[in-house]
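In: this one's structure only:
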């Protein structure tokens with residue numbers, strides 16, 4: 001990181017951190033606890049937005065992975081929960097030794113319109129690209145981050161049930177970390193968030209063997225060894 005970036009990041013945090021501290025001190029002055037809870041909720045989202053939109057882009061450059069702002073936001077969400085193993089894979093610590101690119105795509109052209117995302121290898125140089133179904137462009141950053149975490153596990157390209165199971169379990173574990181930070185996520189039952197809650201519930205109630213059995217029963221995975 002350059003001295004300039006460190007300086008800019010320091011200036012930003014010198015504003016953000018005191019703002020959070022002042023808000024905490026002011027809590028005693030709020031007589032209505034409901035008002036304070038609403039304040040905390042709003043303040044958290046403001047700080048999260050500042051971190052995602054301003055601080056992260058200065059400190060971390062993920063342009064080799066994606067230039068899409070929504071996808072970059074999801075990658076910053078992975079940073080926030082400490083999913084360093086996923087980030088390492090995306091940044092080149094994988095079988096290809098190259099960064100994995102990520103983008104939204106109309107998967108209809110690959111006759112994959114029903115899938116959430118797919119990881120494909122470039123036949124010319126062996127690099128990988130994660131294509132996320134464009135129907136998820138409005139999904140939350142947390143749900144997209146889980147999908148990215150899942151697809152990151154396909155860098156091995158072994159096309160086995162064990163690889164698919166590893167991908168599902170990574171997706172589930174990342175969603176659990178997000179739910180620990182934001183309990184409201186557990187109430188989502190539609191779209192990509194609904195998927196995350198369904199597979200998390202499957203694992204939580206029936207265990208890893210049932211997750212594996214679910215994969216094996218899915219016609220989409222019928223060619224996996």
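Out: Ah, there it is. The structure presented is a predicted model; accordingly, all values stated were derived computationally and were not measured.
In: where in the chain is pLDDT low?
Out: Residue ranges of the chain with pLDDT under 70: 1-60.
In: same thing but at 80, please
Out: Scanning the chain with the threshold set as pLDDT under 80 gives 1-61, 113.
In: Going by residue numbers, what spans are strands in the protein?
Out: 101-105, 117-121, 128-133 (DSSP state E).
In: what packs against the longest one?
Out: So that's strand 128-133. On a contact count with 3 or more CB pairs under 8 Å, 6 or more residues apart in numbering; DSSP states H and E, strand 128-133 meets strand 101-105, strand 117-121, helix 141-152. All C-beta spots, glycine's among them, are computed from the backbone N, C-alpha and C.
In: Does anything pack onto the last one? Which helices or strands?
Out: So that's helix 141-152. Applying 3+ CB pairs under 8 Å, 6+ apart, one finds that helix 141-152 contacts helix 69-80, helix 84-90, strand 117-121, strand 128-133, helix 161-181, helix 191-206.
In: need these in TSV with distance to residue 139 and mean neighbour count, can you?
Out: Formatted as TSV, the entries for those read as follows, by distance: least, CB to CB, whole Å; neighbours: other CB atoms under 10 Å:
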stretch	distance to residue 139	mean neighbour count
helix 69-80	8	21
helix 84-90	17	19
strand 117-121	11	17
strand 128-133	9	22
helix 161-181	13	19
helix 191-206	4	17
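In: right, and the ones you listed - which one's nearest residue 219?
Out: The closest of the helices and strands packed on helix 141-152 to residue 219 is helix 161-181. By CB to CB, the value is 13.2 Å.
In: circling back to that earlier point, and the strands of the chain: which comes nearest residue 93?
Out: Counting by CB to CB, residue 93 lies closest to strand 128-133 out of these; the figure is 12.7 Å.
In: Reformat the strands of the chain as JSON lines; add distance to residue 147.
Out: Supplementary listing: the strands of the chain in JSON lines, determined by distance: least, CB to CB, whole Å:
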{"stretch": "strand 101-105", "distance to residue 147": "10"}
{"stretch": "strand 117-121", "distance to residue 147": "5"}
{"stretch": "strand 128-133", "distance to residue 147": "6"}
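In: Which of these sits closest to residue 167?
Out: Taking CB to CB as the measure, the strands of the chain were each checked against residue 167, and strand 117-121 came out nearest at 9.2 Å.
In: Find the nearest non-adjacent residue to residue 168, please.
Out: Residue nearest to residue 168 in three dimensions, not counting chain neighbours: residue 211, with 5.6 Å by CB to CB, 6 or more residues apart in numbering.
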